[in-house]
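Asker: can you look at this prediction? I've put the sequence above it.
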Amino acid sequence: MRRYLLSGEGWPYLLVPFIPLAIVLDVANATATAIFIVSAIGVIPTAALMGKATEELAARSGPGIGGLLNVTFGNAPEIIIAVFALAEGLQEVVKASLVGSILGNTLLVLGAAAFVGGLGRDRQYFNRTAASVQSAMLLLATAALVMPAVYEMSVGRGLPAPTAVHIDYDPTVEHLSLAVAIILMLTYVAGLIFSLKTHRDLFNPPHEQEGEEGGRAPWSVRRSVVMLAVAGVAVGVMSEILVGSISEAAKGIGLSEFFIGVIVVAIVGNAAEHWVAVFVAHKNQMDLAVNIAVGSAAQVALFAIPLLVLLSFVIGDFPMPLVFNGFELAGIILAVIIAIQVTNEGETTWFEGLELLAVYVILALAFGFA
Amino acid sequence: MRRYLLSGEGWPYLLVPFIPLAIVLDVANATATAIFIVSAIGVIPTAALMGKATEELAARSGPGIGGLLNVTFGNAPEIIIAVFALAEGLQEVVKASLVGSILGNTLLVLGAAAFVGGLGRDRQYFNRTAASVQSAMLLLATAALVMPAVYEMSVGRGLPAPTAVHIDYDPTVEHLSLAVAIILMLTYVAGLIFSLKTHRDLFNPPHEQEGEEGGRAPWSVRRSVVMLAVAGVAVGVMSEILVGSISEAAKGIGLSEFFIGVIVVAIVGNAAEHWVAVFVAHKNQMDLAVNIAVGSAAQVALFAIPLLVLLSFVIGDFPMPLVFNGFELAGIILAVIIAIQVTNEGETTWFEGLELLAVYVILALAFGFA
Amino acid sequence: MRRYLLSGEGWPYLLVPFIPLAIVLDVANATATAIFIVSAIGVIPTAALMGKATEELAARSGPGIGGLLNVTFGNAPEIIIAVFALAEGLQEVVKASLVGSILGNTLLVLGAAAFVGGLGRDRQYFNRTAASVQSAMLLLATAALVMPAVYEMSVGRGLPAPTAVHIDYDPTVEHLSLAVAIILMLTYVAGLIFSLKTHRDLFNPPHEQEGEEGGRAPWSVRRSVVMLAVAGVAVGVMSEILVGSISEAAKGIGLSEFFIGVIVVAIVGNAAEHWVAVFVAHKNQMDLAVNIAVGSAAQVALFAIPLLVLLSFVIGDFPMPLVFNGFELAGIILAVIIAIQVTNEGETTWFEGLELLAVYVILALAFGFA
């Protein structure tokens, strides 16, 4: 047990005590800053459990359904946080956290994986073809994420300020965003057919490779489903507490809501998954690391974002059109071009990893000054 | 005869009846919308005949002159339509249709070709080197197409609105556009020397591969020239009718002139050629399909656009500087980056084709909302 | 001696007479235009001597220290010119000359090398991996060079006009630029460890290959150091004269200070080095040519630019934040994407070289109209 908790996969569960602590602080009406920090840490073990339960269930379900489960629930914690934030009217924070998730995956995670994995090695190789399919998905999504902003600029309204908390968008751009989200969703479904059916040999299901390492007995279906439900509830509870404290905590800490969304929430929602990518890169499984990082970014862009746009028309008081601010647009475009450049090569070195980390730090600095 | 008309190459001639119908409607002063729709369909067979006559003449002229003919007359229908539009003062529509032609070739045609060709196949391969030369041409042209807009923004005038019908540009940006157009033209001439002389082995003349399929007797030079002349006149007549009806038809249909230029006119002018690309991709001749799609886009960017800028200084009441609106710029940049990404790989799958189609639909949606 | 002066390496010394002439004109209070032109030409031999002395010293110092010397002093002339310009308050000219140096290296030098080298050859090959590391550095730097501008636009202040001579920036963007410069510097240091220590086999020290050609006896350490000192003083003297005449000469010639910085100063500071790249490409040493061109651009972006930002906080009356104008941003982004595309292929042709030159001319035209 202790060995598991200190292993690459087990460490998030060391943070379990933060879950009840967050609930206590929330009930006790502690300061928003304290609630925010504790509940942010509390999200990490719940997201880790959710990922674990999904994988176990997927391992029991055969490659087709299993792949579907893995892919669909892969970003579930982020989506759950976002749903609570939409209900609170934090539409701009949700967009920031989604962009932050793309940046975090392509720059922070891929960078950390390439850096850690590359130390002491000449270079690490991965399968260019599978990676290119995923960076092509990101490129497609970029078109979708940029065009509503182009629309807003062309009609002379300009982009939202990064400090904006609530913006009244024009109904036209809301309809455009809805239409674009539907196209993204349909493309995502086609992508599932591609990766799970017609070209499934291209993609290695991550859980198989991990499974071979551990040698632990797999969970039963029943246990997996129960754990998935427990994790879902736990993520939900933590998310509600986290989201409820964001606005006040932002003032308390002296950071903008934008920065909290794009850096803090994005990291918290992906922390467990991120750690796995770095861990497997260290073990020289660079294929899996690139797949987690770029694949996760592609999934946010093609699944989480359009899903939340659609949901925003029924949850909360006003919809969330796909109009990103200048920082978000610059970040997305840079991240996608860098992801294409890295995946085109099919190899990484520690310095390439460091460069990606440097870009992430530069973006975070600029976001912090916003 | 019937078999030919129902074949991949022959179907456009089924639309011949729309030619006299367009003339009748025009003479009879029918509604602009009816004239527009019928004459747009009538353009398709005339453009197809022009392409066919050019190919036959090229096949008779040896590789050097033949290649030159193919390349130069390849976009003749679009250029003829544009000349009539310039004379009508529809400069903004002309720019939209040229951008639409680049987008149509790199996204719609390449996407449809890769999608249709990829169905039932694992992947399709093509020669990276030839394709990369053409996407590099597109990249060069992007610099030319973007800099006048950068100039306009830097001097604080901003970009034209997509709804603008006639804009009074500053003489400075007109002179800059002229200079840029001349550079593009000179580069195009150098490109001809490259592809027809010093590196002609790189490029397969498309007509040869097609010729082998049909096995039909080639046209005589005399017949080719007569047909080229007939087609030229027919394209001209259809173009004049089409162009004369655009402004009113736009109001009638409820679409902007910009949308009609960038989507409708662009598709109509290229329809026959587009069909061929999809057709050969289906027969797994992906080299030819990529050559038609990306090569045609490069030709519009490096030949048709600068030619029309030069002509605009002598045709019509005011010149057409290379200042594109925000939608056009975003579309060009996205299309070029995507073309580079696709051609760098040297292979396509049905899903990649679908992604390109999705980007085209997203752009068209955004254009439609403009 | 005569043979050396007319050789590829020796020609800059034919321009030595311009050095005393510049001093005489300056003392005699000649017109600013005359002083500017003569001192600009006078910079070329001093920069060439500096490069030569650095190489000789590096050849004596073993690969580690030698590489460090080569890399660090490689752009010394440009940095010296920039330091004098900062002291004169010509911050906008300094930024223009640094951007011009990146553009000059990736477009003008690489283009001329590929064009001249490709004439009469089918194609030239170079090592993709080493070149990709350098274009990845450029891509990283682009993030750094773009984000402060994104900040300025997001807070609603917009970009500086290219005609601006002195701009009062907000302290926030000055601090952001400082932070970004420090990140770039740290990455540069990591890059030195990468290229001189952990992965030094990837990079061929240029001087070794040249040395084999000439077969001349190497300089002693003493002679190298003396020459380096002499060259440093000479560059300094020429720079001070040059910089002192820029503002008035700009008016006299009728060009903007921006154009003089981005085209003239950038070319003058790199002329000797540029010539070497074209010369070795002609001898089919394309690896070396690409290394000089793209490597030099990467060094400007990751070393010269952050160094000068740091220095600007202690030299001159006001700091130089990393806020580039629209022309500079468009130029950098185009140049980087083109550099990535070219280096990804690992081969060049004369036409590719011509395309790069065409992009440079198009940019220069747009800059000239600014």
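Answerer: Received, thanks.
Asker: pretty sure residue A:319 contacts residue A:313?
Answerer: Yes: Residue A:319 lies in contact with residue A:313 (C-beta atoms under 8 Å); the separation is 4.9 Å. C-beta here means a position set from N, CA and C on the backbone, and glycine is covered the same way.
Asker: which neighbours do the two share?
Answerer: Overlap between the neighbourhoods of residue A:319 and residue A:313 consists of residue A:178, taking contacts as C-beta atoms under 8 Å, 6 or more residues apart in numbering or on different chains.
Asker: longest single helix anywhere in chain A?
Answerer: helix A:221-253 (DSSP state H).
Asker: for that one, name the packing helices and strands.
Answerer: Contact here means 3 or more C-beta pairs under 8 Å, 6 or more residues apart in numbering or on different chains; DSSP states H and E; on that basis helix A:221-253 packs against helix A:18-27, helix A:32-60, helix A:76-87, helix A:257-259.
Asker: more neighbours: residue A:319 and residue A:313, which one.
Answerer: A direct count of neighbours by other C-beta atoms under 10 Å in any protein chain shown for residue A:319 and residue A:313 places residue A:319 higher, at 21 against 14.
Asker: would you turn the helices and strands packed on helix A:221-253 into a markdown table with mean neighbour count, distance to residue A:146 and mean pLDDT?
Answerer: As requested, the helices and strands packed on helix A:221-253 are exported to a markdown table (neighbours: other C-beta atoms under 10 Å in any protein chain shown; distance: least, C-beta to C-beta, whole Å; pLDDT from 0 to 100):
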| stretch | mean neighbour count | distance to residue A:146 | mean pLDDT |
| --- | --- | --- | --- |
| helix A:18-27 | 18 | 37 | 94 |
| helix A:32-60 | 24 | 29 | 89 |
| helix A:76-87 | 24 | 21 | 91 |
| helix A:257-259 | 24 | 19 | 91 |
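Asker: CSV for those, including distance to chain C?
Answerer: Shown next, in CSV, are these (distance: least, C-beta to the nearest C-beta, whole Å):
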stretch, distance to chain C
helix A:18-27, 31
helix A:32-60, 24
helix A:76-87, 22
helix A:257-259, 10
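Asker: residue A:355: which of these is closest?
Answerer: Smallest distance to residue A:355 across the helices and strands packed on helix A:221-253 (C-beta to C-beta): 22.9 Å, for helix A:257-259.
Asker: contact partners for residue A:134?
Answerer: Counting by C-beta under 8 Å, 6+ apart, the residues that residue A:134 touches are A:291, A:294-295, A:297-298, A:343.
Asker: can you check what angle separates the helix or strand that contains residue A:278 from helix A:32-60?
Answerer: Secondary structure here is read from DSSP states H and E; on that basis residue A:278 sits in helix A:266-282. Between the direction of helix A:266-282 and that of helix A:32-60, the angle (axes from the mean of the first three to the mean of the last three C-alpha atoms, to 10 degrees) works out to 50 degrees.
Asker: which strands and helices sit next to helix A:266-282?
Answerer: Using 3+ C-beta pairs under 8 Å, 6+ apart, the elements in contact with helix A:266-282 are helix A:32-60, helix A:76-87, helix A:91-103, helix A:110-118, helix A:206-214, helix A:286-299.
Asker: got TSV for these, with distance to residue A:266 too?
Answerer: Below are the helices and strands packed on helix A:266-282 laid out as TSV (distance: least, C-beta to C-beta, whole Å):
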stretch	distance to residue A:266
helix A:32-60	11
helix A:76-87	8
helix A:91-103	3
helix A:110-118	14
helix A:206-214	21
helix A:286-299	11
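Asker: nearest to residue B:250, out of those helices?
Answerer: Comparing those by their distance to residue B:250 (C-beta to C-beta), the top pick is helix A:91-103, with 34.3 Å.
Asker: the closest one: how far from the chain's middle?
Answerer: Relative to its parent chain, helix A:91-103 has a centroid offset of 9 Å by C-alpha atoms, centre = their mean, to the nearest Å.
Asker: now swap in stretch A:229-242 and tell me
Answerer: Between the centre of stretch A:229-242 and the centre of its chain there are 16 Å (C-alpha atoms, centre = their mean).
Asker: and the contacts of that stretch?
Answerer: A:19, A:22-23, A:26, A:35-36, A:39-40, A:42-43, A:46-47, A:49-50, A:53, A:76-77, A:80-81, A:83-85, A:265, A:268.
Asker: I'd like to know the average pLDDT value across that stretch.
Answerer: Along stretch A:229-242, the predicted local confidence has a mean pLDDT of 92.
Asker: okay, now residue A:2: neighbour count?
Answerer: As a burial measure, residue A:2 scores 7 neighbours (other C-beta under 10 Å).
Asker: from chain C, how far out is it?
Answerer: In this view, residue A:2 and chain C are 36 Å apart by C-beta to the nearest C-beta, to the nearest Å.
Asker: how about the contacts made by the residue nearest the centre of chain A?
Answerer: Among the residues of chain A, residue A:101 comes closest to the average C-alpha position under C-alpha atoms, centre = their mean, at 4.0 Å. Applying C-beta under 8 Å, 6+ apart, we find residue A:101 in contact with A:75, A:78, A:266, A:269-270, A:296-297, A:300, A:304.
Asker: can you pick the most crowded of those residues?
Answerer: Scoring the contacts of residue A:101 on neighbours with other C-beta under 10 Å, the highest-scoring entry is residue A:269 at 32 neighbours.
Asker: not counting sequence-adjacent ones, nearest residue to that residue?
Answerer: The spatially closest residue to residue A:269, leaving aside those adjacent along the chain, is residue A:78, at 4.0 Å (C-beta to C-beta, 6 or more residues apart in numbering or on different chains).
Asker: with residue A:250 instead?
Answerer: With sequence-adjacent residues excluded and distances taken as C-beta to C-beta, 6+ apart, residue A:250 is closest to residue A:257, at 4.7 Å.
Asker: next one: residue A:130
Answerer: residue A:202 (4.9 Å).
Asker: which of the contacts of residue A:101 sit farthest apart?
Answerer: Within the contacts of residue A:101, two members stand farthest from each other by C-beta to C-beta: A:269 and A:297, at 13.0 Å.
Asker: I'd say residue A:263 and residue A:365 touch.
Answerer: No: contact criterion C-beta under 8 Å: residue A:263 and residue A:365 do not qualify, at 10.4 Å.
Asker: residue A:83 contacts residue A:311, correct?
Answerer: Yes: proximity of residue A:83 to residue A:311 meets the contact threshold set by C-beta under 8 Å, at 6.4 Å.
Asker: give me the common contacts of those two.
Answerer: In contact with both residue A:83 and residue A:311: no residue, using C-beta under 8 Å, 6+ apart.
Asker: now for the residue nearest to residue A:250: which residues touch it?
Answerer: A:90, A:92-93, A:96, A:165, A:246-247, A:250.
Asker: redo that, cut-off 10 Å
Answerer: Contacts for residue A:257 (C-beta atoms under 10 Å, 6 or more residues apart in numbering or on different chains) come out as A:90, A:92-93, A:96, A:162-165, A:246-247, A:249-251, A:265.
Asker: please apply the same query to residue A:173.
Answerer: A:148-149, A:151-152, A:155, A:157, A:319, A:321-323, B:366, B:369.
Asker: go with 7 Å
Answerer: Remark: with contacts taken as C-beta atoms under 7 Å, 6 or more residues apart in numbering or on different chains, residue A:173 is in contact with A:148, A:151-152, A:321, A:323.
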